[in-house]
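In: Okay, predicted coordinates and the sequence, questions at the end:
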Amino acid sequence: MNIDIGIYDTTLIPAMIFVLWIIGQAGVPRRFLPLTALVLGVVLGLVFIGATPEGAIAGVLLAAAAVGFHSGSTNTAQVITGITQAKVNPEELIGEEIEIPGLTGTFEVRSVDDQGVITVKQVTAG
């Protein structure tokens, strides 16, 4: 079995990322996007690379590359910008001292309302 993915076939990867972005914007939950990428990759592999088992396998590899490239670049961007997606119960923060990006000093969490809005009091001025 010889799987040949040429330079022109790899242009399917950014096309797949774009199509997956559109599908995500249309309301498909993010957890289903890798499965959607797999189906899309196999279809594109069969159409553009060849209607053979090698084309299907190449489509799976292209889908994996598209999902991995998107996930890797998103995670890298989050690390660079300092964004984390830690899931914290806001009520557990009451009484804790926190730092707020973009503001100097530390703040004490005073309360959390029903919508999750946190009220803070500045403790130290950086």
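Out: Perfect, thanks for sending it.

In: How is the closest residue to residue 110 other than its chain neighbours classified with respect to secondary structure?
Out: Leaving aside its sequence neighbours, residue 110 sits nearest to residue 119 (Cβ to Cβ, 6 or more residues apart in numbering; 4.6 Å). (Glycine included, C-beta is placed from N, CA and C.) Counting by DSSP: H, G, I helix; E, B strand; the rest coil, the backbone at residue 119 sits in strand.

In: since we're on residue 42, how many residues are nearby?
Out: Residue 42 is flanked by 18 other residues according to other Cβ atoms under 10 Å.

In: That one: what's it in contact with?
Out: 56, 59-60, 63 (Cβ atoms under 8 Å, 6 or more residues apart in numbering).

In: before we move on, the earlier item: check contacts around the residue nearest to residue 110.
Out: 109-113.

In: Check residue 10 too.
Out: 62, 65.

In: Could you point out the helix or strand that follows the top helix by length along the chain?
Out: Counting by DSSP state H, the longest helix found in the chain is helix 53-81. Next in sequence after helix 53-81, counting helices and strands by DSSP states H and E, comes strand 97-98.

In: okay, the contacts of residue 42 in CSV with pLDDT next?
Out: Converted to CSV, the contacts of residue 42 look like this (pLDDT from 0 to 100):
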residue, pLDDT
56, 87
59, 84
60, 87
63, 85
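
In: ok, so of those residues, who is nearest residue 44?
Out: Residue 44 lies nearest to residue 59 out of the contacts of residue 42, by Cβ to Cβ, at 5.7 Å.

In: That closest one touches residue 37, doesn't it?
Out: No - contact between residue 59 and residue 37 fails when scored by Cβ atoms under 8 Å: they sit 9.9 Å apart.
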